[in-house]
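Chemist: Structure for the following, please:
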Amino acid sequence: MADSDKNLTKIGLIVMCVVLAGILVWRSASGGGPTGIDSVSSEDTLLTRCANRDCHHQAEMNKRVYYSETLKRQSQNPNIGHPPLECAKCGKNSVFRVVLCPKCEHIFKHGGMRNEPADRCPECRYSQSQEDRKQGV
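Modeler: This next block holds a predicted model:
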């Protein structure tokens with residue numbers, strides 16, 4: 001009798017795990033909300049800057065437009081990790097995403113430091129995303 005109770009308990013646990021896994025797969029497949037570019041607010045902007053020595057044009061750009069253009073350029077040339085975009089001022093493919101450090105106001109290329117948060121300032125070493133993680137934001 002004890003062995004059959006143990007077997008029923010094991011079967012019950014297996015059935016519960018399979019049902020739970022099925023529910024999780026169904027929820028993720030049915031769309032838990034927008035993903036990818038659609039998950040970015042249409043009002044969000046980011047800072048860009050031309051790397052051309054003769055230009056250095058700086059502007060705000062809609063995040064969705066930036067990501068869409070970057071993905072399009074990556075699909076055209078998959079060997080380039082973060083392809084530069086075309087500058088509206090000089091017309092060269094030399095526009096990159098930059099960050100304005102909220103602490104020291106230094107402007108630097110987003111993701112420019114290896115093995116560091118993408119928004120780590122090379123001047124003062126501050127990272128807003130790291131601070132947000134510490135705060136639980």
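Chemist: Show me which helix runs longest in this protein.
Modeler: Counting by DSSP state H, the longest helix found in the chain is helix 2-29.
Chemist: in this protein, which helix or strand is least confident?
Modeler: In the chain, no helix or strand scores lower on mean pLDDT, DSSP states H and E than helix 2-29, which sits at a mean of 79.
Chemist: Walk me through the domains of this protein.
Modeler: The record's domain split for the chain, according to automatic domain parsing, is 1-32, 36-135.
Chemist: quick one: residue 121 and residue 105 touch, right?
Modeler: No. With contact defined as Cβ atoms under 8 Å, residue 121 does not count as touching residue 105 (9.4 Å). Backbone N, C-alpha and C define where each C-beta goes, glycine included.
Chemist: Compare the two and say which one has the larger neighbour count.
Modeler: It is residue 121, of residue 121 and residue 105, that has more neighbours when counted by other Cβ atoms under 10 Å, with 23 against 10.
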